[in-house]
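Peer 1: what follows is a protein structure lacking sequence information:
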Ligand code: GAP
């Protein structure tokens, strides 16, 4: 598929943004004041989805791997951290400004001809022939002050990646958790970058979340582990039921490699605006630990007691690091785009043929797993439905909706991506059975109410995305 093509599920960024707002996934930050560029708020469905993606990643990394532990390091770190990491010197974008329309551009994202002629390319479809400034380096780190004095001694940065909080704790982890190389440390947390171009909804924002795992290995085994982690990260998306033909690898060429990287591959996803980076897998060599050793004066070497042969000195080395780095908020956008579908359906519950918008989330990621819907409010159906919901709440995220025609209620749940609906009708009162309705196929089956929980658990386990 080419860069220009949109995805085949008819998702456009406008539709996704509008659905996200309408259904309470994501709102513009500070909307009543005209909005804050580069920042977004996650609503009731959004925070559930974000938490589930984070949980899936956390489980994949820590629960399923004995050799990976977690950490939650502070966002504010000693400013020397960022000198050691190379971010003060190297974490920059090349920028040019138009002197006439005041638009700001990344020099590497406008046509070379404009740079050569110093002519503004115009922005947001508006023509401008103003003169461009010279290219200058712009550091992406947010800088502020800590303590009462606003002088150079009080400068502190908001972390632009979560990774450094792991590196500076690597010795603490070895000592406290007795981890032995090879081992990993995982972390999910906020990161901040003063991004100049923040279009495409939540794709690139100034405040975002990352899910990063740093795997510490013996030098010489790094390439083998790098390939292993590439395989495992690819398999993770397969497990989440993502359309695999919308994913591809992109290896960084020499000009693209970050200052710390020996080798790097991105997993790219075909977003509505084209192929874009979703996650990076990096071989960071011994760059980070060597730099922290140099800047802190502390020994960052690993003492390899396991390979301590009698009569020889204990082997010591600075581990190499294989990093897997995914954006949590960017993954949420990917999951929304991937799940989005519009489908022509013939009437359900008596309604005429119409279109439905459906989010085909993997049931383990869906913000609401099961909605409970009494056919009528009266005749004890609502009470029975509430009793059923009360039981299901212990195991699943539930919703209860008794308002409006049943067909319209199903549509509302489809738009929220709820994989299962339970409908209680007059027969339910007589024989204790309910209707289980599946979001993807819209099929309905009758089951005893006592079997709802076990059936849903089974359906989640064996879920395969059917159509989109
Ligand atoms: N520790 C390495 C690192 O931070 P990166 O390629 O700069 O590498 C990793 O970022 C991931 O973080 C990206 O693949 C993307 O998913 C996410 N990310 C980076 N900048 C972002 C931004 N401004 N907004 C949202 N997500 C971002």
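Peer 2: Looks like it came in fine. Fair warning: this is a prediction, and the values are worked out from it, not measured in the lab.
Peer 1: residues touching the residue of the stretch 251-400 of the chain found nearest the ligand, list them.
Peer 2: With CB to the nearest ligand atom, the shortest gap between the stretch 251-400 of the chain and the ligand falls at residue 327, namely 2.6 Å. Every C-beta, even on glycine, is put in place using the N, C-alpha and C of the backbone. For residue 327, the contact set (CB atoms under 8 Å, 6 or more residues apart in numbering) comprises 208, 209, 210, 211, 278, 279.
Peer 1: with adjacent residues omitted, what lies nearest to the spatially most central residue of the chain?
Peer 2: By CA atoms, centre = their mean, the mean C-alpha position of the chain lies nearest to residue 328, the distance being 2.2 Å. Nearest residue to residue 328 in three dimensions, chain neighbours excluded: residue 209, at 3.8 Å (CB to CB, 6 or more residues apart in numbering).
Peer 1: anything in the helix or strand in which that neighbour is found near the ligand?
Peer 2: Secondary-structure assignment from DSSP states H and E places residue 209 in strand 207-217. Yes. With CB under 6 Å from any ligand atom as the criterion, the ligand is reached by strand 207-217 at 208, 210, 212.
Peer 1: look up the closest residue to the first one, ignoring the ones flanking it.
Peer 2: In this structure, residue 208 finds its nearest non-sequential neighbour in residue 329, 4.6 Å apart by CB to CB, 6+ apart.
Peer 1: tell me the secondary structure of the one you found, please.
Peer 2: Following DSSP: H, G, I helix; E, B strand; the rest coil, we place residue 329 in the helix state.
Peer 1: which ones are touching it?
Peer 2: When contacts are counted by CB under 8 Å, 6+ apart, residue 329 is found next to 40, 50, 202, 205, 208, 209.
Peer 1: and what of residue 372?
Peer 2: By CB under 8 Å, 6+ apart, the residues touching residue 372 are 385, 386, 388, 389, 392, 398, 399, 400, 401, 421, 422, 424.
Peer 1: reformat those residues as CSV; add pLDDT and secondary structure.
Peer 2: CSV is the format used below for the contacts of residue 372 (pLDDT from 0 to 100; DSSP: H, G, I helix; E, B strand; the rest coil):
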residue, pLDDT, secondary structure
385, 97, helix
386, 97, helix
388, 98, helix
389, 98, helix
392, 98, helix
398, 98, strand
399, 98, strand
400, 98, strand
401, 96, coil
421, 98, strand
422, 98, strand
424, 97, strand
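Peer 1: among those residues, who's most crowded?
Peer 2: Greatest neighbour count in these, by other CB atoms under 10 Å, goes to residue 424: 27 neighbours.
Peer 1: before we move on, the earlier item: let me know the closest of the contacts of residue 327 to residue 97.
Peer 2: residue 208 (24.9 Å; CB to CB).
Peer 1: which ones are touching that closest one?
Peer 2: Here residue 208 is in contact with 190, 191, 192, 193, 202, 327, 328, 329, 330 (CB under 8 Å, 6+ apart).
Peer 1: please repeat the previous calculation with a cut-off of 6 Å.
Peer 2: 191, 327, 329 (CB atoms under 6 Å, 6 or more residues apart in numbering).
Peer 1: before we move on, what about residue 323?
Peer 2: Taking CB under 6 Å, 6+ apart as the test, what residue 323 contacts is 214, 282, 284.
Peer 1: coming back round to it: now the contacts of residue 208 in CSV, with distance to residue 364?
Peer 2: Listed next are the contacts of residue 208 as CSV, based on distance: CB to CB, whole Å:
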residue, distance to residue 364
191, 26
327, 20
329, 19
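Peer 1: what's in contact with stretch 440-458?
Peer 2: 360, 388, 395, 420, 432, 433, 434, 435, 436, 437, 466.
Peer 1: also stretch 91-102?
Peer 2: Here stretch 91-102 makes contact (CB under 6 Å, 6+ apart) with 104-108, 120, 128, 130-133, 135-140.
Peer 1: can you flag the buried ones in those?
Peer 2: Taking 16 or more other CB atoms under 10 Å as the criterion, what is buried in the contacts of stretch 91-102 is 105, 107, 120, 132, 139.
Peer 1: helices or strands up against the longest helix belonging to the chain?
Peer 2: In the chain, ranked by residue count with DSSP state H as the criterion, the top helix is helix 222-239. For helix 222-239, the packing partners by 3 or more CB pairs under 6 Å, 6 or more residues apart in numbering; DSSP states H and E come out as strand 274-283, strand 320-327.
Peer 1: okay, those, which one's buried deepest?
Peer 2: Mean neighbour count (mean count of other CB atoms under 10 Å) peaks for strand 320-327 among those, with a mean of 24.
Peer 1: show me where pLDDT drops low in the stretch 251-400 of the chain?
Peer 2: Residue ranges of the stretch 251-400 of the chain with pLDDT under 70: 310-311, 347-353.
Peer 1: oh sorry, the question was meant for the stretch 1-150 of the chain
Peer 2: Residue ranges of the stretch 1-150 of the chain with pLDDT under 70: 1-10.
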